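> Okay, sequence plus prediction incoming.
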Amino acid sequence: MAIRRALLSNLTAAARSPSVRSPSTSVDQGLYTYMSQFSTQAGGAAAATPQLPPPPPPPEKTHFGGLKDEDRIFTNLYGIHDPFLKGAMKRGDWYRTKDLVLKGADWIVGEMKKSGLRGRGGAGFPSGLKWSFMPKVSDGRPSYLVVNADESEPGTCKDREIMRHDPHKLLEGCLIAGVGMRASAAYIYIRGEYVNERIALEKARQEAYAAGLLGKNACGSGYDFDVHIHFGAGAYICGEETALLESLEGKQGKPRLKPPFPANAGLYGCPTTVTNVETVAVSPTILRRGPEWFASFGRKNNSGTKLYCISGHVNKPCTVEEEMSIPLKELIERHCGGVRGGWDNLLAVIPGGSSVPLLPKHICDDVLMDYDALKAVQSGLGTAAVIVMDKSTDVVDAIARLSYFYKHESCGQCTPCREGTGWLWMVMERLKVGNAKLEEIDMLHELTKQIEGHTICALGDAAAWPVQGLIRHFRPELERRIRDRAERELLQAAAA
């Protein structure tokens, strides 16, 4: 009865109001006034009711690795299936690519940022952030995507498997990344020695054009996008992004000073993003499955799956896709049959290609394979090219050979690199046979510090870091060789 009286009172008051123009309006206003009061009272009652506590967060993931087959992005890594268009489409490539393109550049870049994908070429810079540096509004210049397929780092062989066996993943990724960057074309710069890879990629490119997936109105989206393939001539330095751009323009492959950065003035002076093969190839799958799916793998800030190429003294060398942050020991034992002669026969591992410092066995026992974990032990993930060395390895000779490689591949533009890499190699050759003095070890370390950080590009750093790692972890071996040689010379002199 109280509710009825209140409702009648409100309706009567509203009907007598001089501002009301019609009976229907007065009834509506009166009903609205009453219901507003009632809902306010009900809301207060609800607020007084104790709320259930939120559910606890899921337990933090503590073990990584053991990637399931359904979570693999590269499903034809070993070339078991047809690598070309018909087989690629059966495996899900080019599936509703038009829908992804039509969602636009901002959506693509936003999803890539959410995924946490970091560049797979070595530097590990956040990919979505890098793509977002491209201009949003054109100033009349075209924008370009350049894919760095100049895979020349010793020990690294992951990108070649993509180009040989999953070329359409790369081509579709070029379109997706190109749209995200508002680029009009992509240039894929392939290492000159990769003959079979460029043949497979060129065939796949022609298939994509014939099917209307690339070129004018790519995938029927209304977006025009071309892909060009360029062959390198074997220079390691052209793996550096600005040296690669110089080579594409027909000049000597020598790095440029920055700024300007490629996103402002890159290929032919136009906005350009240079990115790695693997980085581009995973982007369509991330967008289809969602960034949360990709980010669920690996530790925080080390998201996703990753191609690891393991070589050296293992029973079954291979390239494998695994979860980021997998323990190094598990990676080797699960996929490579373990170290030759057993884990206790391990001497050292170079975890990320020839340019990162090596790690001795006691660190390899527990270290995780991701950017942050390897940085914490003074090494790096780099290209995730794992080079395993057992106790039969002459570790000093191994690093001396790397020193020769960097000395040979220096472009000679920067004095610290041009002169320093030569001296590194010469001193390493002497240390290899013990023909040095103990104080020269510290002199060699000081030389690496004079090279590191004093060059236009990172080749100088790449030459310095392996030597620094050797001195850090195997200094007693260097000292032993020097002492042994000195003792032998002393004995020979006494005998004479």
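Everything's here; your move. Numbering: from 1, shown residues only.

> Next one: the residue nearest in space to the middle of the chain from Lys130, what distance?
The centroid of the chain falls nearest to Arg120 when counting by C-alpha atoms, centre = their mean (2.0 Å). Arg120 sits 12 Å away from Lys130, going by C-beta to C-beta, to the nearest Å. Where C-beta positions appear, they are placed from N, C-alpha and C, glycine not excepted.

> Then Gly222?
26 Å.

> So between the two, which is more surrounded?
Lys130 (22 against 11; other C-beta atoms under 10 Å).

> can you pull out the strands in this structure?
144-149, 185-190, 226-231, 272-276, 305-312, 318-323, 346-350, 359-360, 385-390 (DSSP state E).

> The shortest one pairs with which strands?
In this case it means strand 359-360. Using DSSP bridges, the strands paired with strand 359-360 are strand 346-350 (antiparallel).

> Can I get the strand it pairs with in CSV, CA atoms only?
The C-alpha atoms that make up strand 346-350 are tabulated as CSV, following Å, rounded to 0.1, in the frame of the first residue of the first chain:
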residue,chain,number,x,y,z
LEU,A,346,80.2,-29.9,-21.5
LEU,A,347,82.8,-27.2,-21.5
ALA,A,348,81.0,-24.1,-22.6
VAL,A,349,78.1,-22.8,-24.8
ILE,A,350,77.7,-19.7,-26.9
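
> quick one on the thing from earlier: and the strands of the chain, which is most packed in?
strand 144-149 (a mean of 27; mean count of other C-beta atoms under 10 Å).

> Could you spell out the sheet neighbours of that one, each with its direction?
Each strand paired with strand 144-149, and its direction, by DSSP bridges: strand 185-190 (parallel), strand 272-276 (parallel).

> Next, the angle strand 226-231 makes with the longest one.
If you take axes from the mean of the first three to the mean of the last three C-alpha atoms, to 10 degrees, strand 185-190 sits at 20 degrees to strand 226-231.

> Span of stretch 87-99 from start to end?
Stretch 87-99 has an end-to-end distance of 21 Å (criterion: C-alpha to C-alpha, to the nearest Å).

> What residues sit buried inside that stretch?
For stretch 87-99, burial by neighbour count (16 or more other C-beta atoms under 10 Å) applies to Gly87, Ala88, Arg91, Asp93, Trp94, Thr97, Lys98.

> what's the farthest-apart pair in these?
Gly87 and Lys98 (20.6 Å; C-beta to C-beta).

> give me the low-pLDDT residue ranges for this structure?
The model of the chain has pLDDT under 70 over residues 1-50, 57-59.

> how does it look with 90?
1-66, 121-124, 137-138, 234, 486, 489-496 (pLDDT under 90).

> if I pick the nearest residue to Val227 once chain neighbours are set aside, what's in contact with it?
Once flanking residues are discounted, Val227 sits nearest to Ala186: 4.8 Å by C-beta to C-beta, 6 or more residues apart in numbering. Listed by C-beta atoms under 8 Å, 6 or more residues apart in numbering, the contact set of Ala186 reads Tyr144, Leu145, Val146, Val147, Cys174, Leu175, Ala177, Gly178, Phe225, Asp226, Val227, His228.

> Could you check how far the fourth one is from Met134?
For Val147, the distance to Met134 (C-beta to C-beta) stands at 15 Å.

> Could you pull out the buried residues of the helix of greatest length in the chain?
Scanning the chain for the helix with the most residues, using DSSP state H, yields helix 459-495. By 16+ other C-beta under 10 Å, the buried positions in helix 459-495 come out as 459-471, 473-474, 478, 481-482.

> For the stretch 301-450 of the chain, which segments count as helices?
Here the stretch 301-450 of the chain has its helices, by DSSP state H, counting those that start in this stretch, at 328-335, 361-364, 371-376, 395-409, 415-432, 439-451.
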